[in-house]
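Peer 1: my questions concern the predicted model and sequence given below.
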Amino acid sequence: MAETMLIAPEITPHILVSLMALGMGLAFLSADRDSLTSRALAAALAFVGLSIYLNVALIRDLHHPPPWSGWLALPETAATIAILEWLLRVRRTVPAAPGMNVTMGDRILRLGQGAGVLYGIFSLLWPEVRTQEFLRVATEPGAFRSWGFWLFATPVLFATFAGLVGILLLLNRRPDRAEKTRLLAMAGSIPFFLAGFVLPLNAAAITVVIGEIVLLVGSVHYHVLQGQRGQFMSRFLSPQVARLVSERGLVSAMQEKHLEITVVCCDLRGFTAYAQGHGSAQVLRVLRDYYDAVGQIVADFGGTIKDFAGDGILILVGAPLPVEQHARIGVEIARRIRVVATELTRRWSTPDHRLGIGIGVASGLVTVGVIGASARLEYTAVGSAVNLASRLCEQALHGEILVDSRTVELAGRDGMTPRPALDVKGFADSVPNYALGV
């Protein structure tokens, strides 16, 4: 009992530090368990917590360590590998500028992981040297001049150097604000974790806690920004794209691209007269039902709603995420919208004001990306396919789906009926088009 009373005050702070690290790892994992980066960071923190507890609770006397004490370095090795693996996985989510060398950073981080493995091997071979000449030796006179200290300090310092270089190279890619915050927090926490190796027990507990707090503050800020961005993006992107934005950042997911996509445009027939003849509350209820119905169909097929403009909706299939069968999916989206919107317009219509639905579909090369100022961003698509889908929608009667020839070429002629070519504003030649049967 007396021995326990003497030991408890020394190890209790480290038990709390260990539990904090384990709790942070569990929090990051539970918050985003499907993210590879979150898994790696959670594993790193779990190994840090395990290492702190084992090395303090099981090694009571540094001058006479048990012969198996070298095995207690393995959680430290695993933590080093996991932290550098986290950086490697973050690197894959941050795009590099054209021509930028992306292999050097990966190689440095892999070498850092190798240094962590070397530290573990040295610990198994010379466990007494590790405990007597490396751990918590900052107050020992001449400790930093011994060969034993540098035997273990060298791989630890190299792994630290590799991690800091990896962070600097990532910052050079100009990541978005959320990722930059998390990277800076990790860079700020590393020196405090490093000091925990060599400082006396009480001082080591304080420095490690400071490192954990720095990392926690940066990570919480990162997740708050991610959550705000995910909520915003999910308003007009498909769930798949919203998740991509949340994981990889706005810059990575929404950078300017040239893609062949299918554009679906739909709007209500007779809506202007309907809006003039009914109260604003009724008009809003109609639009809300209309938007919800179309939005659900688009989400089911993984499309992206670019615009809600009054009674008009512009849908992109194949952007920001490329879709191999975008034309077939676009046609099916149009078919489903016709079925649902026909029923809705029948229910909303009155004897004096009849509503209907018209749909246009076109495929072609477009440029997609984010435009706007810092206060407001908008995802946009520019190209003739966008204009053509809108013009075909204008020409469609109630219940009609007009489809351009490129979409028919990609999706097939099944259910398509050729129609006379149309003179369309903005196109020099008449535009061949087809009507999609019921």
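Peer 2: Everything's here; your move. The model shown is predicted, which means the values in this text are computed figures rather than measured ones. Numbering: from 1, shown residues only.

Peer 1: which residues touch residue 368?
Peer 2: 256-257, 259, 261, 316, 319-320, 379-382 (CB atoms under 8 Å, 6 or more residues apart in numbering). In short, each C-beta sits where N, CA and C put it, glycine included.

Peer 1: repeat that with 7 Å
Peer 2: 257, 259, 319-320, 381 (CB atoms under 7 Å, 6 or more residues apart in numbering).

Peer 1: only the buried subset of the residues you listed, as a ChimeraX command please.
Peer 2: Buried members of these, identified by 16 or more other CB atoms under 10 Å, are gathered into one ChimeraX selection as follows:
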select :259,319,320,381
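
Peer 1: now the contacts of residue 368 as CSV including secondary structure, pLDDT and distance to residue 132?
Peer 2: Formatted as CSV, the entries for the contacts of residue 368 read as follows, by DSSP: H, G, I helix; E, B strand; the rest coil; pLDDT from 0 to 100; distance: CB to CB, whole Å:
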residue, secondary structure, pLDDT, distance to residue 132
257, strand, 80, 59
259, strand, 88, 62
319, coil, 83, 62
320, coil, 78, 57
381, strand, 84, 66
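
Peer 1: for residue 191, state which of the contacts of residue 368 is nearest.
Peer 2: Using CB to CB, residue 320 is the member of the contacts of residue 368 that lies nearest residue 191, at 38.7 Å.

Peer 1: which other helices and strands contact the strand or helix carrying residue 218?
Peer 2: Take DSSP states H and E as the rule and residue 218 turns out to sit in helix 201-233. The criterion is 3 or more CB pairs under 7 Å, 6 or more residues apart in numbering; DSSP states H and E, and the helices and strands that helix 201-233 contacts are helix 2-31, helix 177-198, helix 239-248.

Peer 1: ok, then the element right after the first one?
Peer 2: Looking back up the chat, that one is helix 2-31. Moving toward the C-terminus from helix 2-31, the next element (DSSP H and E) is helix 36-57.

Peer 1: follow-up on the earlier one: now the helix holding residue 218: buried residues?
Peer 2: 204-205, 207-216, 218-219, 221-223, 225-226, 229-230, 233.

Peer 1: quick one, domains of the protein?
Peer 2: Domains of the chain are assigned by automatic domain parsing as 2-233, 256-436.

Peer 1: least reliable of these going by mean pLDDT?
Peer 2: When the domains of the chain are ranked by mean pLDDT, domain 2-233 comes last with a mean of 84.

Peer 1: what's the spacing between that domain and its chain's center?
Peer 2: Distance of domain 2-233 from its chain centroid, counting by CA atoms, centre = their mean, to the nearest Å, is 23 Å.

Peer 1: in contact with the residue nearest to residue 68 when sequence neighbours are not counted, which residues are there?
Peer 2: On the basis of CB to CB, 6 or more residues apart in numbering, the spatially nearest residue to residue 68 that is not a chain neighbour turns out to be residue 127, at 7.4 Å. For residue 127, the set of contacting residues under the criterion of CB under 7 Å, 6+ apart consists of 65, 67, 69-70.

Peer 1: give me that answer again for 10 Å
Peer 2: Residues in contact with residue 127 (CB atoms under 10 Å, 6 or more residues apart in numbering) are 59, 65-73.

Peer 1: rewinding a little: next, format the contacts of residue 368 as a markdown table and append distance to residue 42.
Peer 2: Written out in a markdown table, the entries for the contacts of residue 368 read as follows (distance: CB to CB, whole Å):
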| residue | distance to residue 42 |
| --- | --- |
| 257 | 32 |
| 259 | 35 |
| 319 | 33 |
| 320 | 28 |
| 381 | 38 |
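
Peer 1: tell me the one of the contacts of residue 368 nearest residue 53?
Peer 2: residue 320 (45.1 Å).

Peer 1: okay, how far is it across stretch 345-353, tip to tip?
Peer 2: For stretch 345-353, the first-to-last residue distance is 10 Å (CA to CA, to the nearest Å).

Peer 1: chain center to it: distance?
Peer 2: 44 Å.

Peer 1: same check, this time on stretch 393-404
Peer 2: A distance of 38 Å separates the C-alpha centroid of stretch 393-404 from that of its chain, computed with CA atoms, centre = their mean.

Peer 1: can I get that stretch in PDB? Just the C-alpha atoms.
Peer 2: Provided in PDB are the C-alpha atoms of stretch 393-404 (Å, rounded to 0.1, in the frame of the first residue of the first chain):
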ATOM      1  CA  CYS A 393     -36.700  23.000 -72.600                       C
ATOM      2  CA  GLU A 394     -38.300  26.200 -73.800                       C
ATOM      3  CA  GLN A 395     -39.500  24.500 -77.000                       C
ATOM      4  CA  ALA A 396     -41.000  21.500 -75.200                       C
ATOM      5  CA  LEU A 397     -44.800  21.300 -74.700                       C
ATOM      6  CA  HIS A 398     -46.300  20.000 -71.500                       C
ATOM      7  CA  GLY A 399     -45.100  16.400 -70.900                       C
ATOM      8  CA  GLU A 400     -42.500  16.600 -73.700                       C
ATOM      9  CA  ILE A 401     -38.900  15.700 -73.300                       C
ATOM     10  CA  LEU A 402     -36.800  17.100 -76.200                       C
ATOM     11  CA  VAL A 403     -33.300  15.500 -76.600                       C
ATOM     12  CA  ASP A 404     -30.400  16.500 -78.700                       C
END
